[in-house]
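> Below is the sequence, then the predicted model.
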Amino acid sequence: MFLPHTDADREAMLRTIGVDSLEDLFCDLPDVNLFPEINLPPGMTEIEVLEEIQHIADANETTGELISFLGAGVYNHYTPAVVDSILRRGEFYTAYTPYQPEISQGTLQAIFEYQSMIVALTGMDASNASHYDGATAVAEAVNMAYHNFRGKRSKVILSPGLHPHYRETVHTYVVDSDIQLEGEDTPFDAGPEALIPLIDENTALVSVAYPDFFGRVFDYTKLVEAAHEAKALVAIHVNPLALGLLTPPGEFGADIVTGEGQSLGIPMAFGGPYLGIFATKDKYVRKMAGRIVGETQDTRGQRGFVLTLSTREQHIRRERATSNICTNQGLLALAAAVYLSLLGKNGLRQLAELNYHKAHYAAQQIASIDGFELANSETFFNEFTIRCPKSAAELNEALLHYDVLGGYDLGKSYKGLDDHLLIAVTEMISKEEIDHFVNALKEVSNA
Amino acid sequence: MPDLSTSLKVEPTVFDISSPGRQGHYFPKSDVPQTNLPKGFVREDLPLPEIAEVDVVRHFTRLSQLNHGVDTGFYPLGSCTMKYNPKINEETARLAGFAKLHPLQPTETVQGAIGLMYELQEWLKEISGFTGLSLQPAAGAHGELTGVLIMRAYHKARGDEKRVKMLIPDSAHGTNPASSAMSGLKIVEIPSDSRGNIDMDALCAECDDTLAGIMITNPNTLGLFDENFKEVCDCVHEAGGLIYGDGANFNAIMGISRPADIGVDVLHFNLHKTFSTPHGGGGPGSGPVGVTEELAPFLPGPIAAVLDEGNAEEPPLFGLINPEKSIGRVKAFHGHFGVLVRAYTYMMMLGGEGLKAASEHAVLNANYIQARLRDTFTIPHDRICMHEFVLEGHWDDALDIHALDISKRLMDFGIHPPTNYFPLIVPEALMIEPTETESKETLDVFADTMIKIAEEAHTNPELLQTAPHNTPFGRLDEVKAARELVLCCWFPEDKEE
C-alpha cells in the first residue's frame, strides 16, 4: 500500500545497488529473529478500513448525542468551518518544522501571527510557537523559573486550583531535581492569599490558574506583589477564551502566562492533540524554551520570518539546554491563529460573553434547586462548582439516563469533595438544554 | 506600519489587513437572561485583528502557497521520515465518534475509543516485541524524556541510587542529551569508530556501576545499522545498565527486526514519522513508549486495558489503568488521541506484510540514491545503508561551496533540501531520507539534480552561493532576526506612537 514501485523498478534498482534481493539489504542486522512473523490483521483497502473504523467510532456516545456539561480543562466549543478548511491544506499539514525558511514562509508567518495574537490576548511581551498542552506548558514554566535562578532557588509553589493533571505532570518532570513543590495542600477555598505565607527567598515560582480548576476568577495583583517582593516569578495559567472578556494576566504583573489553547476552536478529540500556550516578558525571552519565530529580511529586501534564538535549544545547546522540546504543536497553533483572526476583536468578546451568560444562568437555576448550592462566591467565567445533596458520582450515573454528561466529579481529584460537581456551560448548550439538565438534577436528587 | 515591500510574494499580516468593524464569524444571540459582567475584571482593550471571512481564507491560503510540503514535492529530510500522509487518515480522525469525545467521559460511553487505543498498543507491541506500552507521550522528545524517567525510576526502585551516568553515542539524535539532562543524568559521549559503529573500547571503559544506560539511535544518524549492536547491548547489560532505543528511525526495520528481540529495553516510536501521521509544520507528533516486562510497571498512565474479557454475547470491557509503580503523568489526559487514530488507520491499511514492505522499500530507495550519487559525492561510511544515508556536501576542488549552498540550490528545482549539518560527526553533512513512498522516477530526478548541482559547484559556484533563485523568498537574514528580535506584529494600539 502506498508503494509506487513496479517489479521492473525494483529489479533495476537492486541491480544499480549491486545486490540480488531486498533481503540482502539487511545484512548488517543481528541474526536474532530476523524477518519475524508479524501477527497483525492483513492489510485492507480504504473502503474496508473506513467501514471498520466507522464501526469503532459508532461504539462511542459523543457530546453530539449527549448534552455535555463536562469541562475540567477541555471545553465543547464550535469550530468554524474555515478553521478545518485551512488546516486541511496539504502545504500546511504535510510540511515539517520550518528549518528552510525560503520555502516555509507560510508556516513561519502563521506562527508569527499566532505569537502576536497570544501576546495581544495575554498582555505579555512575547510568546513561543507552542508546547504540547497546558500541562507541559506549566511544567516548562517550572523548569524556566528554576533555571532563571540557576538552580539556586528550589521552591515552587503550586496552587491547589491548578488542574490536577498539570500538577501531576509537574511532579513527574521534577522528580529527579532538587525542586520542592509546595502549596497544593493549602485549603482550596482559602483563595490565592493562602499562598502568600509560603513565598520566601528560596521561591523560584508561584504557579496559579485564571480561571482556576474550580472555575474561580481571582485578582492576582496582591499575590504577584508578594512574590516580586521576594524576587520570585509568577506564572498564571489561562483559558484563552476567558481572556476575550477578562482582564489579561499581564495586568496583574505575571512573569509567565501559560494556557491550554484547546478552547480556541480545537476539537476535544478524547484528549488531544491540544495546544500549550507559553508567553513571557521581554526580559525572560531568552530563558523561554521552544521554537520562536522572528521577523527579518531576505536577500531581495522582502520582509520574511525565521526560527530565531535557536542557541537556546536542544539541538545546539545539547545537554545544557533547559528543555528538550523539538516537535511542538505547529498545526494547532495555526488553528488558533485562524480562529482568532476569524473571530477577531468583537467575535471573541461576543463568544466569551455568551459563555459567561449561559454559565451564570445555569448556575442560578441549579443553585435554586433544593439542596444544591453554588460552592463559591467568587467571580466565575463559564465553569462553576456546585455542592450537591448527593455524591457527584451517583448523580452523574443517574444523569446519563437523561442523556446528560453531568459534570466533573471533584471527589476524583480532591479529598472531601465527593459531593461537588464542576459544571461547564459553553455556546454549544441552549437554554432548553440547561433547563433539561436542571429538571433532571431535580429528579435524580429526589430519587 | 512596517515597511512592506511591494512584492506580491510578501503577504501582509492579519494586523495589516484588519479594519475596525469587520468580523469573520458570528455567534447566535444569547437565549438566556443577561448577567452583569464581573466588576473589575472586564478588559478594556482586546487588540485582535478585524477581518471578513473571505479575507481570512485568502490570507491563510496565500500563506500555505509559500510552503513546501510532502503534498507539494519531494522532501528527503533525513531523520524526519517525510513519507506520504494518506488522506484517509484525515477522514477517520475527524469522524464525529472520535472528534466529539470529551476525555473525561465515563468509560462506558467511550468503549470504541479506548478499544482503539488498546488495539494500537497491542499492534505497536507486536511489531517491536515489547511487553508494555504507553501512548501518552506527545512527541519523540517527550517519549525520550518518558523513557529516561522510566530508566531512572527502575534503578531507584531497586535501591540503586548511584546510577546517574547516561552514555550517548556521537551519532545519536540531537534531542537525546537534553532529554537525559532533564532527568538529572550526567552525559558521557561515546565516539564512533571508522565504520560508523559505536567505538567498543570507549563504550566498555564507561560501563561501570554508575551506569544508568545508553541512548542508542539504531539505525544511527549516519543511516547505518550498528554492526556491534549485540556487543553494545551485552556490555551495557552486564554492567547493570539499560538500553534506550530512539525509535525515530524505526521506519527501517518494521517486520525486519524487533528492538526488544535484539536487546533494547525502552523505545519510543514517532507516529508522525514511521506511521504516516502528518508532521503539521512542526507537530502535533506522538511518541508512544514501549518497554520490557521489567520496566512495564513504571510506564506513565493512563493505559488502555481490558477490564473484562467478555464472551460470545458481551463485547470485552475496556478501561484506563495506571501501572503500579508509574512515573506518573507526562501530560494531561491520554495522549494525542487524534494522532493515534491516524496511525491506527495506517497500520490497518498496511497490515503486517505491508509494514514490512514499507521498511524494505524505504531501505531500497535510500540505497538506490546512495548508489547513484556514489561517484559524485564523498560518502564517509560507504556501506549498505538503511532508510537514510549521509554524504559530504563539499569537494576539495570547490572549497567555497558548502552543504548549505547545495541545499539552497535544490530548492530551485522544487526539492526540499536534506537535513544539513547533522550528524555533527560528518563535515558538511547532508542527510538524505527518501522514504518508501517515492517512485524511481522521483529518485532519479533527485539524483540527476544533485549531479547537476555538483557540476555547477565546479563551473558556476556563484549560482549555488546565491541560491535559491526560483523560490518566492531568497535567503533570510538569521543574524538580523536574532539581533533585532521582532517577535510580534505591529498592533493597531501602537498607531499613535
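Happy to help now that I have it.
> check which helix or strand covers the nearest residue to B:Thr13 once chain neighbours are set aside.
Computed as CB to CB, 6 or more residues apart in numbering or on different chains, the closest residue to B:Thr13 that is not its neighbour in sequence is B:Cys489, at 4.8 Å. No exception for glycine: its C-beta is placed from N, CA and C like everyone else's. In this structure, B:Cys489 sits in neither a helix nor a strand according to DSSP states H and E.
> Count the residues that sit near B:Cys489.
25 (other CB atoms under 10 Å in any protein chain shown).
> Touching, it and A:Ser116? I think so.
Yes: contact status for B:Cys489 versus A:Ser116: in contact at 3.8 Å, counting by CB atoms under 8 Å.
> what residues are shared contacts of those two?
With contacts taken as CB atoms under 8 Å, 6 or more residues apart in numbering or on different chains, the residues that reach both B:Cys489 and A:Ser116 are B:13-15.
> Can you tell me which of these is nearest B:Ala403?
When those are ranked by distance to B:Ala403 (CB to CB), B:Thr13 comes first, at 32.7 Å.
> where's the closest one relative to A:Glu91, distance?
Applying CB to CB, to the nearest Å, one obtains 19 Å for the distance of B:Thr13 from A:Glu91.
> cool, B:Gly335 as well?
Taking CB to CB, one finds B:Gly335 at 27 Å from A:Glu91.
> Comparing these two, which shows the higher neighbour count?
When neighbours are counted by other CB under 10 Å, B:Gly335 comes out ahead of the other of B:Gly335 and A:Glu91, with 31 against 21.
> Can you name the residues that contact the more buried one?
Listed by CB under 8 Å, 6+ apart, the contact set of B:Gly335 reads A:271-272, B:117, B:134-138, B:286, B:288.
> at 6 Å what do you get?
For B:Gly335, the residues meeting the contact criterion (CB atoms under 6 Å, 6 or more residues apart in numbering or on different chains) are B:135-136.
> Using the three-state scheme, assign it.
Under DSSP: H, G, I helix; E, B strand; the rest coil, the three-state class of B:Gly335 is coil.
> give me the element the nearest residue to B:Cys385 once chain neighbours are set aside is part of.
Take B:Cys385 and drop its neighbours on the chain: the residue closest to it by CB to CB, 6+ apart is B:Gly223, 4.3 Å away. No secondary structure element spans B:Gly223, as it lies outside all helices and strands (assigned by DSSP H and E).
> my read: B:Gly223 touches B:Leu391, true?
No: under the criterion of CB atoms under 6 Å, B:Gly223 is not in contact with B:Leu391, lying 10.0 Å apart.
> Tell me which of the two has more neighbours.
A count of neighbours by other CB under 10 Å puts B:Gly223 above the other of B:Gly223 and B:Leu391, at 31 against 26.
> Stretch A:13-22 close to chain B?
Yes: in terms of CB under 6 Å from any CB of the partner chain, part of stretch A:13-22 sits within range of chain B, namely A:13, A:16-17, A:22.
> hmm, which two among those are most spread apart?
Between all members of the residues of stretch A:13-22 next to chain B, the farthest pair (by CB to CB) comes out as A:Thr16 and A:Leu22, at 13.7 Å.
> so what's in contact with those two at the same time?
With contacts defined as CB under 6 Å, 6+ apart, no residue is shared by A:Thr16 and A:Leu22.
> Return the residues of the stretch 151-300 of chain A in contact with chain B.
Applying CB under 6 Å from any CB, one finds that the stretch 151-300 of chain A approaches chain B through A:165, A:168-169, A:171-172, A:176-177, A:217, A:246-248, A:267-273, A:294-300.
> Can you select the buried ones from those in ChimeraX?
This is how ChimeraX selects the buried members of those, with burial counted by 16 or more other CB atoms under 10 Å in any protein chain shown:
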select /A:165,168,169,171,172,176,217,246,247,248,267,268,269,270,271,272,273,294,295,296,297,298
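> In strands, which of the residues of the stretch 151-300 of chain A next to chain B fall?
Counting by DSSP state E, the part of those found in strands is A:217, A:294-297.
> CSV please, covering those and showing pLDDT and distance to B:Met386.
Putting these into CSV (pLDDT from 0 to 100; distance: CB to CB, whole Å) gives the following:
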residue, pLDDT, distance to B:Met386
A:Val217, 97, 55
A:Gly294, 97, 36
A:Glu295, 97, 40
A:Thr296, 97, 37
A:Gln297, 97, 40
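> And chain A, is the helix or strand of chain B with the lowest mean pLDDT touching that?
Evaluated with mean pLDDT, DSSP states H and E, the helix-and-strand set of chain B has its lowest mean pLDDT in helix B:175-182, which scores a mean of 88. Yes: residues of helix B:175-182 contacting chain A under CB under 6 Å from any CB: B:175, B:177-179, B:181-182.
> now the helix or strand harbouring B:Ala153: mean pLDDT?
Mapping B:Ala153 onto the secondary structure by DSSP H and E places it in helix B:140-157. Confidence over helix B:140-157, taken as the mean pLDDT, stands at 97.
> any idea of the pLDDT on A:Ser377?
According to the predicted model, the pLDDT of A:Ser377 comes to 84.
> helix, strand or coil for it?
Assigned with three-state DSSP, A:Ser377 falls in the coil class.
> Can you dump the C-alpha atoms of stretch A:359-367 in PDB for me?
What follows is the C-alpha trace of stretch A:359-367 in PDB, where atoms were taken according to Å, rounded to 0.1, in the frame of the first residue of the first chain:
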ATOM      1  CA  ALA A 359     -22.900  29.600  32.700                       C
ATOM      2  CA  HIS A 360     -24.400  32.200  35.000                       C
ATOM      3  CA  TYR A 361     -28.000  31.300  34.000                       C
ATOM      4  CA  ALA A 362     -27.200  27.600  34.600                       C
ATOM      5  CA  ALA A 363     -25.600  28.300  38.000                       C
ATOM      6  CA  GLN A 364     -28.600  30.400  39.200                       C
ATOM      7  CA  GLN A 365     -31.000  27.700  38.100                       C
ATOM      8  CA  ILE A 366     -29.100  24.900  39.700                       C
ATOM      9  CA  ALA A 367     -28.500  26.800  42.900                       C
END
